[in-house]
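Undergrad: how would this look folded up:
(2 chains)
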Amino acid sequence: MKQQSNWSPYDNNGGTCVAIAGADYCVIAADTRMSTGYSILTRDYSKICQLAEKSVMASSGFQADVRALQKVLAARHLIYQHQHNKQMSCPAMAQLLSNTLYYKRFFPYYAFNVLGGLDNEGKGCVFTYDAVGSYERVGYSSQGSGSTLIMPFLDNQLKSPSPLLLSAQDAVTPLSELEAIDLVKTCFASATERDIYTGDKLEIVVLNADGIRREHMELRKD
Amino acid sequence: MKFDTSGLESHGQLVGASDGLFSGFPTAPSFEIPNTTDFDCFQKEAIQMVKPAKGTTTLAFIFKEGVMVAADSRASMGGYISSQSVKKIIEINPYMLGTMAGGAADCQFWHRNLGIKCRLHELANKRRISVTGASKLLANILYNYRGMGLSVGTMIAGWDETGPGLYYVDSEGGRLKGMRFSVGSGSPYAYGVLDNGYRYDMSVDEAAELARRAIYHATFRDGASGGVASVYYVGPDGWKKLSGDDVAELHYNYYPVQPSVVEQVMVET
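TA: Just a heads-up that it's a prediction; the model follows:
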């Protein structure tokens, strides 16, 4: 009988991430629960990382791979700053993230990412990824264990005409910043009810012309 | 196993470009492989985890005026629709298009890479690359990765010195020249409509309508295809996007709801 290897280099630490782009702001949010199997490792782990002045990434999946990915991107950004004497724009960071993920195509980062920020015109932008780097600019997205619960709700509230329709329309939501934050809190409160891997605390990061701001909200701990 | 990583080589190390900033900075690493005894089994598990988006309908055909290219916009991961707005027609350069079917990341990355190689060819040879050449570049790269789990089913469509060109290239290493292709889970349905309505001497509008209809019918019957039907035309001046229509709206355009006739009341005799 052939022996199969029963050690896997991957683990899933659960969690959910959401990002919403507005006309002049971007909201990125993630819960802070880190689990393995049915156990909770910690209730206070941040999945959000600021990669550049106007780019913030939230990642769920295997947090060791997420941490390694954050380090690689931070290092590449530092080199870019030395070479170009400026910060990377959010669309540039988006493509860098895509290439970084694809370079490990045959041994992927088990990370499901959303990148949020402001583009060169100051408009909010959100990029959503799969594990190997395919990406798309969208108006809103969620990734992680609660994404199948949250996405249909966001489609219902925020769905805008597809950017592929010939009369090109804006991909950003018409909501105000405060309305978007409230929507995000609602999403997580509901996802926490029905997803065992989502809960404990919600971390919200808001990027706008004035800079960056953080908020917290308590979620159910069961 | 020795990998051919020429597809990833950075061409930044040009002659005379050494200015101290590039030294010691690794630009294009080769692909890492996990250190297991059974690579094939590990590959299968990694593929399962990655679950590339396979459901799609894309088509392209050559006619008298040039090349017509069309695709849907749905990406699915198993039974979950991960996006309804994926760009499956990739603009390699202003006169060449590539279509995406199979793994989304594989198609995006290698088409972007092909665009870079085509531009370098232009700079090195002072003329545009032919569709034959571009498709061969891509096919050779994919052939080197044959058996490693890449999933790419693409068509390269363009206009070069010899006129309109259309090639089908896939991750098994296949490369075919042809006049009509459709790729993806919805392709049987698209072929039905396309083969029935095709004539070489169509006008641009007629060809666009045929392409749009074929995509619509595929999205109607195939669960893994849907979203927006995009239609592009490639002519002597390059490509132009002709239309992007939500397939749900197309349905009611083609099959409007008939107002039901009120039934006559039976009068008792």
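Undergrad: who touches the residue nearest the centre of chain B in this structure?
TA: Nearest to the mean C-alpha position of chain B, by C-alpha atoms, centre = their mean, lies B:Thr99 at 1.5 Å. B:Thr99 sits next to B:Thr58, B:Ala60, B:Val69, B:Ala71, B:Lys88, B:Ile89, B:Ile90, B:Thr154, B:Met155, B:Ala157, B:Val183 when contact means C-beta atoms under 8 Å, 6 or more residues apart in numbering or on different chains. All C-beta spots, glycine's among them, are computed from the backbone N, C-alpha and C.
Undergrad: need phi/psi at the first one.
TA: What it means is B:Thr58. The phi/psi pair for B:Thr58 (degrees, to the nearest 10) reads phi -130, psi 150.
Undergrad: ok, it touching B:Ala70?
TA: Yes. If you go by C-beta atoms under 8 Å, B:Thr58 and B:Ala70 touch, sitting 7.2 Å apart.
Undergrad: mind listing the shared neighbours of those two?
TA: Common neighbours of B:Thr58 and B:Ala70 (C-beta under 8 Å, 6+ apart) are B:Ile89.
Undergrad: near chain A, which residues of the stretch 51-200 of chain B show up?
TA: Contacts of the stretch 51-200 of chain B with chain A, taken as C-beta under 8 Å from any C-beta of the partner chain, map to B:52-53, B:73, B:77, B:80, B:82-87, B:103-109, B:148-150.
Undergrad: one more time with 6 Å
TA: B:Ser73, B:Ser85, B:Ala104, B:Ala105, B:Gln108, B:Phe109 (C-beta under 6 Å from any C-beta of the partner chain).
Undergrad: would you list every one of the helices in chain B?
TA: B:39-50, B:104-125, B:131-144, B:187-197, B:204-221, B:247-254 (DSSP state H).
Undergrad: any chance of those in TSV with distance to B:Glu65 as columns?
TA: Formatted as TSV, the helices of chain B follow (distance: least, C-beta to C-beta, whole Å):
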stretch	distance to B:Glu65
helix B:39-50	40
helix B:104-125	24
helix B:131-144	16
helix B:187-197	16
helix B:204-221	5
helix B:247-254	23
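Undergrad: can you say which of the ones you listed is packed in most?
TA: helix B:204-221 (a mean of 22; mean count of other C-beta atoms under 10 Å in any protein chain shown).
Undergrad: what's the average pLDDT for that one?
TA: Per-residue pLDDT over helix B:204-221 has a mean of 96.
Undergrad: just checking, what packs against it?
TA: strand B:66-71, helix B:187-197, strand B:228-235, helix B:247-254 (3 or more C-beta pairs under 6 Å, 6 or more residues apart in numbering or on different chains; DSSP states H and E).
Undergrad: CA-only coordinates of the last one in CSV, if you can.
TA: Taking C-alpha atoms only, helix B:247-254 is exported to CSV below (Å, rounded to 0.1, in the frame of the first residue of the first chain):
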residue,chain,number,x,y,z
VAL,B,247,-27.0,39.0,-21.0
ALA,B,248,-30.2,39.2,-19.0
GLU,B,249,-31.1,42.3,-20.9
LEU,B,250,-30.2,40.6,-24.2
HIS,B,251,-32.6,37.8,-23.3
TYR,B,252,-35.6,40.2,-23.2
ASN,B,253,-34.4,42.0,-26.4
TYR,B,254,-34.4,38.7,-28.3
